[in-house]
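A.B. asks: Coordinates only, no sequence provided:
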């Protein structure tokens, strides 16, 4: 498994793929590779300009999606179901925002959780009828090594009572992403669905997320040098996308699996099973998150 490469991806003609945040970084790389393999790729992006540019580059289609706005999540899901004839074979929940200042959405949700977890959970539930109609359909959640950090509180996901710490907010959002993926697989299995829910993380990859985090903290002056430094000491985006593509396409992937790089504490190179924080394995805690997510998004869970 550690030597797995993009060249092992089987032909994707006839498959419809939806990738969130596909205008840059891991999402753009995944879109480029899967389109080259013949897939119909729908890039779900917040920025029309950047999304159109990326869609043109990979030969894909753009759907506008703002994960922090539940009304727009619903609109995007309806658009995807309409243009695909209600059939999706692969959903890669990749988009995300980094740590930054405390911000709240129009609905009052903490913005990192809203974007990284709540929006993806709602989109997945809303697209589940289309995924059930797909061929060997999968949902791939992109988590992070940071999911093992501090700060998760299912009773105070929005930092209403706790002091906000940006590192805790980011770690919480990525733990929620992984918990949701594992709980989704349990519920799909219980109903006898062939749809698989899996997760992956890119290790330490030179995306734009560090620079974006600096800008979110009002440190725009250091964004460019920080970006250059990150890329100098990290693995490339194509290397970091390997675990995501493996989770999305490899025939031996197991539902409920979590995959990441193999070397140097899962920071670099290859792909293999990744370490899961014990909190994500707590079924009671996952159920509480599942129910709380439904309350915060206003979307009915599917499977229930």
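C.D. replies: Now that the structure is in, tell me what you want to look at. It should be emphasised that the depicted structure is a prediction, and the values quoted were computed from it without experimental measurement.

A.B. asks: quick one: residue 205 from residue 295, how far?
C.D. replies: Taking C-beta to C-beta, to the nearest Å as the criterion, residue 205 is separated from residue 295 by 33 Å. For every residue, glycine as well, the C-beta is placed using N, CA and C.

A.B. asks: So which of the two has more stuff around it?
C.D. replies: Here residue 205 and residue 295 are set side by side on neighbour count (other C-beta atoms under 10 Å), and the busier one is residue 205, at 25 against 8.

A.B. asks: Find the nearest non-adjacent residue to that one, please.
C.D. replies: The spatial neighbour of residue 205 that comes closest, neighbours along the chain excluded (C-beta to C-beta, 6 or more residues apart in numbering), is residue 240 at 2.8 Å.

A.B. asks: Just list what the host helix or strand of the one you found packs against, helices and strands only.
C.D. replies: With secondary structure defined by DSSP states H and E, residue 240 is part of helix 237-249. The contact analysis (3 or more C-beta pairs under 8 Å, 6 or more residues apart in numbering; DSSP states H and E) places helix 237-249 against helix 25-36, strand 90-93, strand 138-142, strand 196-200, strand 258-260.

A.B. asks: what mean pLDDT does that helix have?
C.D. replies: Per-residue pLDDT values across helix 237-249 average out to 96.

A.B. asks: Which positions within that helix qualify as buried?
C.D. replies: Of the residues in helix 237-249, those buried by neighbour count under the rule 16 or more other C-beta atoms under 10 Å are 237, 239-249.

A.B. asks: Please enumerate the helices of the protein.
C.D. replies: Chain-ordered helices for the chain, with DSSP state H as the definition, fall at 25-36, 48-58, 70-83, 111-113, 119-132, 166-190, 209-216, 220-233, 237-249, 283-297.

A.B. asks: who's in contact with the fourth one?
C.D. replies: With contact meaning C-beta atoms under 8 Å, 6 or more residues apart in numbering, helix 111-113 is reached by 68, 97-100, 103-105, 157-158, 166, 169-170, 172-173, 176.

A.B. asks: And the buried ones among the residues you listed, selectable in ChimeraX?
C.D. replies: Here the buried members of the contacts of helix 111-113 are turned into a ChimeraX selection, burial being counted by 16+ other C-beta under 10 Å:
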select :68,97,98,99,100,105,157,158,166,169,170,172,173,176
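
A.B. asks: What is the lowest-pLDDT residue among the contacts of helix 111-113?
C.D. replies: residue 99 (80).

A.B. asks: Low-confidence regions, the stretch 151-300 of the chain specifically.
C.D. replies: For the stretch 151-300 of the chain, residues meeting the criterion pLDDT under 70 lie at 206-234, 264.

A.B. asks: repeat that for 50
C.D. replies: Across the stretch 151-300 of the chain, the ranges flagged by pLDDT under 50 are 210-217, 219-223, 225-229, 231-232.

A.B. asks: Using JSON lines, lay out the helices and strands packed on helix 237-249 together with distance to residue 55.
C.D. replies: Listed next are those as JSON lines, based on distance: least, C-beta to C-beta, whole Å:
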{"stretch": "helix 25-36", "distance to residue 55": "8"}
{"stretch": "strand 90-93", "distance to residue 55": "15"}
{"stretch": "strand 138-142", "distance to residue 55": "20"}
{"stretch": "strand 196-200", "distance to residue 55": "23"}
{"stretch": "strand 258-260", "distance to residue 55": "27"}
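
A.B. asks: To residue 54, which of the ones you listed lies closest?
C.D. replies: Among the helices and strands packed on helix 237-249, the nearest to residue 54 by C-beta to C-beta is helix 25-36 (5.5 Å).

A.B. asks: Other residues contacting that closest one?
C.D. replies: Residues from elsewhere that reach helix 25-36 (C-beta under 8 Å, 6+ apart): 6, 9, 12, 17, 19-22, 41, 43, 54, 57-60, 90, 92, 94-95, 142, 202, 205, 207-209, 237-238, 240-241, 244-245, 248-249.

A.B. asks: And the average pLDDT for it is what?
C.D. replies: The predicted model gives helix 25-36 an average pLDDT of 98.

A.B. asks: pLDDT score for residue 129?
C.D. replies: The per-residue pLDDT of residue 129 was computed as 98.

A.B. asks: Name the residues of stretch 123-142 that are buried.
C.D. replies: Taking 16+ other C-beta under 10 Å as the basis for neighbour counts, the residues of stretch 123-142 that come out buried are 123-128, 130-134, 137-142.
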